[in-house]
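J.: no letters, just coordinates:
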């Protein structure tokens, strides 16, 4: 199996050897980077928490040095990306029913095995011993002995692991090897065929770059690129959107002057293209119905050059607090008006442009949030589609005569995208689709981001972005 070289130098994480197995009684239960990885993975398994939000809120993560943060991200996201493949191996070597073992033990085994299979710079001894010691500290010698025996047996037989047979069941084979739920792969195979479904699944498992939108009203793309290169980052210009950069090896985006000063904002190219569909200009009045965390809100303010009004609505105070910080950082306190409210019941003066960035399954963002694929279901997709219809029904009330409604999601599934649009156009004859072709940069159009129906649709395997959908709807 081909291993990947991560963006961190793991030579700084080789302090644990076969001889170094003592326990420091003063250390926290979940000690070190691997201990934190096991802790957060277990919490995500047991709750509705999301990895990125969970780790952003933890003081223990904030106190890590940049290399340790990168390793923590690699371990947690890596286990989530390849969980099904890891569990296939562990099920074969575990004496008993692996899926029924204690969650902490299960994730300790996954974290260690991920390093054995996918990271080529971490010694096997370091990967195994720390997981063993963490389990010993938490669950005692018996459980740690099982972990040690399973992992060392895998090391001895790692080159002879037997994988599923593709000819017997291509869905089962891809589910294990590309680590996606079978229901999801079956849908994609029915829609696209085996080859495209495989390409999409593999693209979802690639480590994403940090995509940065540059505020060209304040600086230049080349200037930001130069500053990031000076900090040791690897930087490329987006092929879809000229004002976006893709960066790797950024220690902490929040510590960079360009970010703190509002010169750059983290935003995927696909989300940027969806925002571009609004076509807002200086003086436009906008209602952003689901505004947090503020990427699209501030992007519109940049397009408006700080002139006009953006009503930034969100249902939750906590999300609105984060939105306000983003607004202030980007310098748009005068133009963006944060407002607590429910997009299902909002009743305010109509606007020139209404943006509904609808809550969705998020299946277009699996590169960045791999745990989504283990938390979603077909039933939830259908339930979300009904919510999206309700949101659109109320959004219509806030669009001026001759005004624009822009509907966007970060999913690839037709129930939430094309099917919702078909329903909307059938039930709201006063609206017409304006093809996205006329409202996106040429660089994106050359890459085929517009569907035959005139909608925006980006794909991880085609465009190297999140899967984003967007529709531009004009009120007659």
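T.: Thanks, I have the structure now. These numbers come from a predicted model, not from an experiment.
J.: for this structure, which helix is longest?
T.: Assignment by DSSP state H gives helix 378-395 as the longest helix of the chain.
J.: so where is the stretch 251-400 of the chain shaky, pLDDT-wise?
T.: Counting by pLDDT under 70, the stretch 251-400 of the chain contains low-confidence residues at 251.
J.: ok so, going back, after the longest helix of the chain, next one along is what?
T.: Once helix 378-395 ends, the next helix or strand along the chain (criterion: DSSP states H and E) is strand 399-409.
J.: let me know the next secondary structure element after that next one.
T.: Next element after strand 399-409 (DSSP H and E): helix 418-427.
J.: by contact count, what packs against the very next helix or strand once past that next one?
T.: Later in the chain than helix 418-427, the nearest helix or strand by DSSP H and E is strand 431-433. When contacts are defined as 3 or more C-beta pairs under 8 Å, 6 or more residues apart in numbering; DSSP states H and E, strand 431-433 packs onto helix 418-427, strand 469-475. (Glycine included, C-beta is placed from N, CA and C.)
J.: if you skip the residues just before and after it, what's nearest to the residue nearest the centre of the chain?
T.: The chain has residue 368 as the residue nearest its centroid, 2.6 Å off, counting by C-alpha atoms, centre = their mean. For residue 368, ignoring the flanking residues on the chain, the nearest one in space by C-beta to C-beta, 6 or more residues apart in numbering is residue 208 at 5.3 Å.
J.: separation between the one you found and residue 231?
T.: 19 Å (C-beta to C-beta, to the nearest Å).
J.: of the two, who's got more company?
T.: When neighbours are counted by other C-beta atoms under 10 Å, residue 208 comes out ahead of the other of residue 208 and residue 231, with 20 against 15.
J.: the more buried one in helix, strand or coil?
T.: coil (DSSP: H, G, I helix; E, B strand; the rest coil).
J.: assumed residue 146 was part of a helix.
T.: Yes - applying three-state DSSP, one finds residue 146 inside a helix.
J.: number of residues surrounding it?
T.: Quick note: residue 146 (other C-beta under 10 Å) scores 19 neighbours.
J.: quick one: contacts for it?
T.: Listed by C-beta atoms under 8 Å, 6 or more residues apart in numbering, the contact set of residue 146 reads 94, 95, 105.
J.: most packed of the helices and strands packed on strand 431-433?
T.: Among those, strand 469-475 has the highest mean neighbour count (mean count of other C-beta atoms under 10 Å), at a mean of 24.
J.: quick one: contacts of it?
T.: Contacts of strand 469-475 with the rest of the structure, by C-beta under 8 Å, 6+ apart, involve 273-274, 277-279, 364, 396, 399-412, 416-417, 421, 424, 430-436, 439, 454-457.
J.: and with 7 Å instead?
T.: 273-274, 277, 399, 401-409, 411, 417, 421, 430-434, 436, 439, 455-457 (C-beta atoms under 7 Å, 6 or more residues apart in numbering).
J.: likewise stretch 292-304?
T.: By C-beta under 7 Å, 6+ apart, stretch 292-304 touches 213, 215, 217, 265, 267, 271-272, 275, 278, 280-282, 284, 286, 288, 291, 310, 312, 314, 319-320, 322-323, 326-327, 330, 332, 335-336, 355, 357.
J.: rerun at 6 Å
T.: Contacts of stretch 292-304 from elsewhere in the structure, counted by C-beta atoms under 6 Å, 6 or more residues apart in numbering, are 215, 265, 267, 271, 275, 278, 280, 282, 284, 286, 288, 291, 310, 312, 314, 319, 322-323, 326, 330, 332, 335-336, 357.
J.: and if you look at stretch 362-372?
T.: Contacts for stretch 362-372 (C-beta under 6 Å, 6+ apart): 44, 51, 77, 80-81, 204, 208, 373, 410-413, 460, 466-468.
J.: rerun that using 8 Å as the cut-off
T.: With C-beta under 8 Å, 6+ apart, stretch 362-372 has contacts from 44, 50-52, 77, 80-81, 184, 203-208, 268, 270, 361, 373, 376, 381, 409-413, 458, 460, 466-469.
J.: buried subset of the contacts of stretch 292-304 as a PyMOL selection?
T.: Those of those that count as buried under 16 or more other C-beta atoms under 10 Å are selected in PyMOL with:
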select buried, resi 215+265+267+271+275+278+280+284+286+288+291+310+312+314+319+323+326+330+332+335+336+357
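J.: so residue 236 sits in a strand?
T.: Yes - the assignment for residue 236 is a strand, going by three-state DSSP.
J.: grab the nearest non-local neighbour of it.
T.: Per C-beta to C-beta, 6+ apart, closest to residue 236 is residue 246, 4.8 Å.
J.: which element is the one you found on?
T.: Here residue 246, judged by DSSP H and E, is contained in strand 244-248.
J.: which elements pack onto that strand?
T.: strand 210-214, helix 221-230, strand 234-237.
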